[in-house]
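Colleague: Quick one, what's the 3D model for this:
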Amino acid sequence: MRTRAAALCAAAAVLAGALTAAPARAGAAPAPGPAWKKCGTRDHPTLQCASVQVPLDHADPAGRRITLALSRVPHTARSSEGPLLVNPGGPGGSGLALAGFVASALPRSVADRYDVIGFDPRGVGRSTPALTCAPGHFAAGRPASVPATAALERANLDRARSFAAACGRKYADVLPHLDTVSAARDLDVIRRALGAPRISYFGYSYGTYLGAVYAKLYPERVHRLVLDSVVDPTGVWYRNNLGQDYAFDDRHRALMAWIARHDAVYRLGTDPARIEARWYAMRAALAERPAGGTVGAAELEDTFMPGGYYDGYWPHLAAAFAAYARDGSTGPLVAAYRTFGAVDRSGDNGYSVYTAVQCRDASWPRGWNRWRADAWRVHAKAPLIAWNNTWYNAPCAFWPTAPLGRVNIANAELPPALLLQATEDAATPYAGAATAHRLLARSSLVVERGGGNHGVTLSGNACLDGYLAAYLTDGSLPRGDGAVDAVCAKSPEPEPPSAKTAPTPSRGSALHGLLGFRS
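Modeller: Okay, the predicted model is just below:
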């Protein structure tokens with residue numbers, strides 16, 4: 001996952017009060033609760049921080065312990081619905097700042113009834129140990145993603161092998177315990193530490209799979225479950241990544257069409273196909289001569305991929321594209337890369353956890369010929385990120401830890417859950433939500449028809465937010481007659497900036513800064 005600087009506003013930067021939360025034993029006194037300390041920010045002044053210790057290996061609860069960082073916005077109403085754990089996805093995403101965002105974005109009457117709990121999953125951010133397998137792995141100057149020559153393919157393969165080897169050398173004792181099931185068991189340790197008989201859970205993106213796995217393991221301990229932008233639980237993870245490639249290509253073409261509609265601003269023409277051809281010509285030129293010595297073909301793909309997650313970035317990306325395509329100006333493109341594509345230390349950590357969890361969660365092809373054949377097959381129809389995404393996940397072909405099997409999340413014991421999904425989402429395509437809806441008995445699926453953003457609630461769509469608020473208030477869910485229970489109109493597309501009006505920060509941009517770019 002790629003995390004922008006906005007996601008690093010560590011609202012929970014000061015962590016204190018480590019808690020050893022051993023599994024409860026019959027007749028044992030309850031463990032003390034986390035030692036919460038103030039760590040508020042200007043935007044979230046009531047935020048508190050603490051930590052909890054969990055077993056590295058849940059099969060050995062008396063063995064080595066690791067620490068998870070927590071954040072909290074406590075409830076203020078007289079009666080409480082208990083804890084609401086929130087997760088931004090990834091795997092590898094920090095949830096500490098997300099707690100403050102969710103508590104402030106929900107209606108006050110809803111948020112006041114929950115202790116909104118953020119957490120850094122094992123290996124992430126402020127939790128310890130925090131993984132960083134190969135600092136600078138995504139530094140500018142990478143080989144072009146599309147292996148037009150054997151030398152380019154060897155260079156990218158060497159990078160993937162070396163990353164996997166570095167993880168194995170540095171974290172041999174930790175990697176066998178970095179997986180979604182272990183992370184789900186951590187959630188139950190947090191529940192016990194909070195003294196709650198049940199928890200509610202609100203997850204975006206990969207966080208939907210984490211929440212579904214928790215619900216599979218502990219259905220009786222779930223109060224309410226919200227899954228936004230739902231991972232296909234049957235495609236974990238190799239097949240899901242192939243599906244993303246096609247979906248991101250569709251979203252990129254939507255961006256090209258948007259630029260065509262705003263030709264008066266960007267002056268790249270009114271034919272989306274010709275604009276798209278100019279974009280690929282730009283990529284080819286940058287492969288030969290990187291912009292500012294920094295933005296080559298791979299970095300360009302990294303820069304534009306966030307546009308597939310959130311259309312609020314389209315005006316910035318279009319302006320950088322237009323400046324280069326029309327005038328050969330590289331400054332805006334370099335600036336866009338630094339904003340949207342560059343990976344910092346937090347991103348190094350996020351990617352390390354991403355690979356560790358995804359490579360461990362399920363089987364991946366071990367023979368490179370399968371990866372190569374699939375990548376070229378997809379590239380023929382969806383050339384935007386087919387190879388970029390292949391190299392991003394390629395360490396799994398060489399991972400030093402044996403894979404587990406994916407979890408069958410089918411669940412008839414779980415209380416009714418709420419699923420929310422945009423039909424044109426690229427990171428978690430719509431079919432995944434439809435599948436999860438079928439597997440989670442009595443769940444309700446609310447669809448943003450025509451919407452393409454990834455992470456659709458609490459970003460400005462009043463219809464979607466209304467269903468979320470009603471469910472968190474009293475468990476109310478819409479019930480339809482078909483595969484979908486309710487439909488919301490899509491959020492309006494962005495408008496190019498006007499010289500007369502300064503851009504104002506939106507709730508959508510705040511959310512997507514926290515969710516990151518890779519799931």
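
Colleague: quick one: the helices in the stretch 51-200 of the chain?
Modeller: Assigned by DSSP state H, counting those that start in this stretch, the helices in the stretch 51-200 of the chain fall at 96-105, 108-111, 150-170, 180-194.

Colleague: which of those helices sits most buried?
Modeller: Mean neighbour count (mean count of other CB atoms under 10 Å) peaks for helix 96-105 among these, with a mean of 25. In this view, the C-beta of every residue, glycine as well, is placed from N, C-alpha and C.

Colleague: Mind giving me the packing neighbours of it?
Modeller: strand 65-73, strand 82-87, helix 108-111, strand 114-119, helix 507-515 (3 or more CB pairs under 8 Å, 6 or more residues apart in numbering; DSSP states H and E).

Colleague: Helix 507-515 and the fourth one, what's the angle between them?
Modeller: Read that as strand 114-119. Put simply, strand 114-119 runs at 40 degrees to helix 507-515, going by axes from the mean of the first three to the mean of the last three CA atoms, to 10 degrees.

Colleague: With only the CA atoms kept, save strand 114-119 in CSV.
Modeller: Only the C-alpha atoms of strand 114-119 are listed here, as CSV (Å, rounded to 0.1, in the frame of the first residue of the first chain):
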residue,chain,number,x,y,z
TYR,A,114,-19.2,4.6,20.7
ASP,A,115,-15.7,4.4,21.9
VAL,A,116,-14.1,4.8,18.5
ILE,A,117,-10.9,2.7,18.6
GLY,A,118,-8.1,3.0,16.1
PHE,A,119,-5.2,0.6,16.0
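
Colleague: model confidence over that strand, on average?
Modeller: Strand 114-119 shows a mean pLDDT of 98 in the predicted model.

Colleague: sorry, back to before: turn the helices and strands packed on helix 96-105 into JSON lines, columns for distance to G243.
Modeller: Below are the helices and strands packed on helix 96-105 laid out as JSON lines (distance: least, CB to CB, whole Å):
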{"stretch": "strand 65-73", "distance to G243": "31"}
{"stretch": "strand 82-87", "distance to G243": "22"}
{"stretch": "helix 108-111", "distance to G243": "34"}
{"stretch": "strand 114-119", "distance to G243": "28"}
{"stretch": "helix 507-515", "distance to G243": "19"}
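
Colleague: weakest of these by average pLDDT?
Modeller: helix 507-515 (a mean of 93).

Colleague: Would you format the helices of the stretch 51-200 of the chain as JSON lines with distance to I385 included?
Modeller: Formatted as JSON lines, the helices of the stretch 51-200 of the chain follow (distance: least, CB to CB, whole Å):
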{"stretch": "helix 96-105", "distance to I385": "26"}
{"stretch": "helix 108-111", "distance to I385": "37"}
{"stretch": "helix 150-170", "distance to I385": "14"}
{"stretch": "helix 180-194", "distance to I385": "24"}
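
Colleague: beta partners of L445?
Modeller: Beta-bridge partners for L445, by DSSP bridges, are L419.

Colleague: That one: neighbour count?
Modeller: The local packing of L445 (other CB atoms under 10 Å) involves 27 other residues.

Colleague: just to revisit the earlier point, do you know which of the helices of the stretch 51-200 of the chain lies nearest T435?
Modeller: With CB to CB, the closest approach to T435 among these belongs to helix 180-194: 16.8 Å.

Colleague: List the residues that contact the residue lying closest to L131 once chain neighbours are set aside.
Modeller: Leaving aside its sequence neighbours, L131 sits nearest to S352 (CB to CB, 6 or more residues apart in numbering; 3.9 Å). Taking CB atoms under 8 Å, 6 or more residues apart in numbering, we find S352 in contact with 92, 123, 131-134, 167.

Colleague: ok, now A431?
Modeller: Residues counted as contacts of A431 (CB under 8 Å, 6+ apart) are 232, 243.

Colleague: Wasn't A375 part of a helix?
Modeller: Yes - under DSSP: H, G, I helix; E, B strand; the rest coil, A375 falls within a helix.
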